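Asks: sequence isn't available, so here's the structure alone:
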């Protein structure tokens with residue numbers, strides 16, 4: 001049996017890799033690998049943890065999109081996962097999308113790791129424990145023959161490369177509050193059919209955690225002066241060209257160490273392009 005590749009080494013977690021690039025440090029990559037691919041036991045290490053229901057965020061988003069596709073009779077041969085990080089949602093989509101799933105992210109290191117996982121069918125990575133300690137986790141993906149082809153590339157979610165044929169479905173997960181201009185990102189799907197075909201599905205999932213280091217406050221969806229929430233700001237942008245099919249909240253969690261977690265609730269909507 002082939003030895004799974006090491007995606008993230010133990011000694012990398014103890015090094016200071018801060019270089020001004022968000023989501024590029026070893027600790028950040030480790031946290032996202034755990035959220036995207038780890039089991040409940042990997043994340044919480046004990047049964048009946050109070051945050052256990054928040055586990056499996058990428059898989060739950062994929063299941064919601066599949067549910068809407070089935071309800072609306074939307075055939076999804078191709079899908080784009082924009083802001084894919086280390087690729088957990090892309091791989092979850094590949095279990096039901098028919099032909100190909102494309103994952104893109106602005107982080108070259110995240111894409112490199114997602115590509116390695118895909119190429120080798122899995123891998124190992126280390127997660128932080130308390131103090132200087134860490135432990136290794138192994139990931140095994142479903143066999144490639146039983147899922148759609150998955151491809152990854154570095155790209156800018158605000159200026160996406162146009163495919164030869166528009167996608168049947170697009171996912172924007174936890175990315176709109178991390179791009180330089182969220183409305184510009186969304187207009188790629190409302191103002192044209194180059195990226196998303198008519199009748200195609202757009203999923204937007206976001207906790208709306210705005211920070212000036214990612215985008216200027218004047219670009220944030222929603223306005224305190226106009227008493228418009230981010231949820232309503234999203235609807236104002238999308239409702240001109242898409243119909244709302246589903247709206248709900250989905251919980252997720254990023255593990256800092258066995259006793260510290262970052263919990264979030266994403267506002268999730270799925271839209272059908274007119």
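Replies: Good, I have the coordinates. Just so it is clear, the structure is predicted and the values come from calculations on it, not from any experiment.
Asks: grab the nearest non-local neighbour of residue 98.
Replies: Leaving aside its sequence neighbours, residue 98 sits nearest to residue 77 (CB to CB, 6 or more residues apart in numbering; 4.5 Å). Every C-beta, even on glycine, is put in place using the N, C-alpha and C of the backbone.
Asks: and the one you found, how many neighbours?
Replies: 13 (other CB atoms under 10 Å).
Asks: and it, how far from residue 120?
Replies: Distance of residue 77 to residue 120, given as CB to CB, to the nearest Å: 26 Å.
Asks: what do you get for residue 103?
Replies: 16 Å.
Asks: ok, those two, which is more surrounded?
Replies: residue 103 (30 against 16).
Asks: list the buried ones in the host helix or strand of that one?
Replies: Secondary structure assignment for residue 103, by DSSP states H and E: strand 100-105. For strand 100-105, the neighbour count (16 or more other CB atoms under 10 Å) marks 100-105 as buried.
Asks: can you redo the residues you listed as CSV with pLDDT and distance to residue 153?
Replies: CSV is the format used below for those (pLDDT from 0 to 100; distance: CB to CB, whole Å):
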residue, pLDDT, distance to residue 153
100, 98, 12
101, 98, 12
102, 98, 7
103, 98, 8
104, 98, 5
105, 97, 9
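Asks: check those against residue 236 and report the nearest one.
Replies: residue 104 (25.8 Å; CB to CB).
Asks: please name the nearest non-neighbouring residue to that closest one.
Replies: Looking at residue 104 with CB to CB, 6+ apart, the closest residue is residue 155, at 3.8 Å.
Asks: about what we covered before: tell me which two in the buried residues of strand 100-105 are the farthest apart.
Replies: Going by CB to CB, the pair spanning these furthest: 100 and 105, at 16.9 Å.
Asks: before we move on, back to that, any idea how many residues pack against the residue nearest to residue 104?
Replies: 19.
Asks: pairing partners for the one helix or strand residue 126 maps to, with directions?
Replies: For residue 126, the enclosing helix or strand under DSSP H and E is strand 122-128. Paired neighbours of strand 122-128 in the sheet (DSSP bridges): strand 6-8 (parallel), strand 134-140 (antiparallel).
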